[in-house]
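Got a sequence here, can you model it:
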Amino acid sequence: MPLKKYIRDIQDFPKPGIGFKDITPLLSNPIARQETLDLLLSTVKDKKIDKVIGVESRGFFFGILLAEALNAGFIPVRKPKKLPFETISATYDLEYGTDTLEIHIDAIEKGDRVLIHDDVLATGGTAKAVCELVERLGGEIVQCNFLMELSFLNGREKLGDNEIFAAMTY
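Numbers count the residues shown, from 1 in each chain. Next comes the predicted model:
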């Protein structure tokens with residue numbers, strides 16, 4: 001199934017000059033959603049994963065499904081002041097500004113093997129910030145896993161030697 005047909009392009013969102021990849025058509029189709037999940041699992045299903053991180057907010061959709069399929073814990077990484085317990089944070093640049101992400105200080109134990117999932121790898125700033133949070137808490141990154149990669153933005157370069165997988169590449 002050609003999964004890209006379930007991704008809708010929205011021009012000038014969230015601001016002029018940005019081409020947004022809307023995943024809601026993919027989420028609303030159960031066959032496309034399952035095929036996407038199977039593809040995301042294909043490179044990690046035989047690896048030991050203790051925790052799956054889903055990055056706010058579109059990383060939550062498949063992040064929780066990946067955690068369930070891998071029998072792993074799920075950790076939400078969120079924007080500031082959205083998590084109720086003590087957190088650590090990382091600030092990063094993205095293609096249209098800057099932002100900050102937070103994780104609970106007890107979300108990852110030293111040595112936990114972590115799968116990081118988000119919807120898009122663009123400039124790599126978000127993923128790099130999440131990798132930093134995982135490493136600061138003592139986790140081991142098994143893979144950075146994405147629905148889509150916007151390869152023309154060279155985000156992979158910011159992720160060093162971390163294994164990267166994207167279900168779709170633009």
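
Pull the residues that contact stretch 80-96.
14-15, 18, 56, 76, 98-106, 122-123, 125-126, 128-130, 132-133, 136-137, 153 (CB atoms under 8 Å, 6 or more residues apart in numbering). Heads up, the C-betas are built off the backbone N, CA and C, glycines and all.

rerun at 10 Å
14-18, 56-57, 76-79, 98-107, 120, 122-133, 136-137, 150, 153, 155, 158 (CB atoms under 10 Å, 6 or more residues apart in numbering).

Kindly report the same for stretch 134-142.
Residues outside stretch 134-142 that contact it (CB under 10 Å, 6+ apart): 43-44, 47-53, 75, 77, 88, 90, 103-116, 127, 130-131, 133, 144, 159-163.

first vs last residue of that stretch, how far apart are they?
One end of stretch 134-142 sits 11 Å from the other (CA to CA, to the nearest Å).

model confidence over it, on average?
Across stretch 134-142, pLDDT averages out at 98.

List the buried residues in that stretch.
Applying a neighbour-count criterion of 16 or more other CB atoms under 10 Å, one finds 134, 137, 139, 141, 142 buried in stretch 134-142.

Those residues in strands, which ones?
141, 142 (DSSP state E).

can you list the buried residues of stretch 134-142 in CSV and add distance to residue 31?
Listed next are these as CSV, based on distance: CB to CB, whole Å:
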residue, distance to residue 31
134, 33
137, 37
139, 34
141, 31
142, 28
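
Which members of the buried residues of stretch 134-142 are the farthest-apart pair?
Largest separation among those by CB to CB: 137 and 142, giving 14.6 Å.

who's in contact with residue 126?
55-56, 59, 77, 90, 92-95, 99, 101, 116, 118-120, 155, 158.

circling back: taking the contacts of stretch 134-142, please make a ChimeraX selection of just the buried ones.
Only the buried entries of those go into this ChimeraX selection, using 16+ other CB under 10 Å:
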select :43,44,49,50,51,52,53,75,77,90,103,104,107,108,112,113,114,115,116,127,130,131,133,144,159,162
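
State the helix or strand in which the residue most central in space within the chain lies.
Centroid-nearest residue in the chain: residue 118, 1.5 Å away (criterion: CA atoms, centre = their mean). For residue 118, the enclosing helix or strand under DSSP states H and E is strand 113-121.
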